[in-house]
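Enquirer: Give me a model of this one.
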Amino acid sequence: MCKDALTAPRIMYPVEAAAFQVGFHRSKFFELLRDGTIASVKVGSRRLVAHDDLLAFKDRLQKESAVGITTSPTALEAADAAATAT
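Expert: This next block holds a predicted model:
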């Protein structure tokens, strides 16, 4: 195995590791996966979360904080539509 492969950042995380990355308890993170707030994929019996999806979630949280809305896909779509309309 290449030494760089051991130090390179992951592109996919198991749910527990993804929850740790964003600082959420496992049960809250599963709730966000279930309601579609954070995207995930199933590979065999494992559920994985892409690093890019964690960053997208962080960006949405920051956007919500700036405009004072709640974390829901519908509210986020409305905020995105309003931002692109201006």
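Enquirer: helices and strands of this structure: which one has the lowest mean pLDDT?
Expert: The helix or strand of the chain with the poorest confidence is helix 73-85; it has a mean of 58 (mean pLDDT, DSSP states H and E).
Enquirer: per-residue confidence for the residue positioned nearest the centre of the chain?
Expert: Among the residues of the chain, the one closest to the centroid is Leu54, at 3.2 Å (Cα atoms, centre = their mean). Predicted confidence (pLDDT) for Leu54: 95.
Enquirer: so how far is Phe30 from it?
Expert: 15 Å (Cβ to Cβ, to the nearest Å). No exception for glycine: its C-beta is placed from N, CA and C like everyone else's.
Enquirer: Tabulate the CA atom coordinates of stretch 11-23 in PDB.
Expert: Presented in PDB, the C-alpha positions along stretch 11-23 are these (Å, rounded to 0.1, in the frame of the first residue of the first chain):
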ATOM      1  CA  ILE A  11     -13.900  10.400   0.400                       C
ATOM      2  CA  MET A  12     -16.500   8.100   2.100                       C
ATOM      3  CA  TYR A  13     -17.200   7.600   5.800                       C
ATOM      4  CA  PRO A  14     -19.200   5.000   7.700                       C
ATOM      5  CA  VAL A  15     -22.200   6.600   9.500                       C
ATOM      6  CA  GLU A  16     -20.500   6.600  12.900                       C
ATOM      7  CA  ALA A  17     -17.300   8.300  11.500                       C
ATOM      8  CA  ALA A  18     -19.400  10.800   9.600                       C
ATOM      9  CA  ALA A  19     -21.400  11.700  12.700                       C
ATOM     10  CA  PHE A  20     -18.100  12.200  14.600                       C
ATOM     11  CA  GLN A  21     -16.800  14.400  11.800                       C
ATOM     12  CA  VAL A  22     -19.800  16.800  12.200                       C
ATOM     13  CA  GLY A  23     -20.000  16.500  16.000                       C
END
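Enquirer: Many thanks, I have nothing further to ask.
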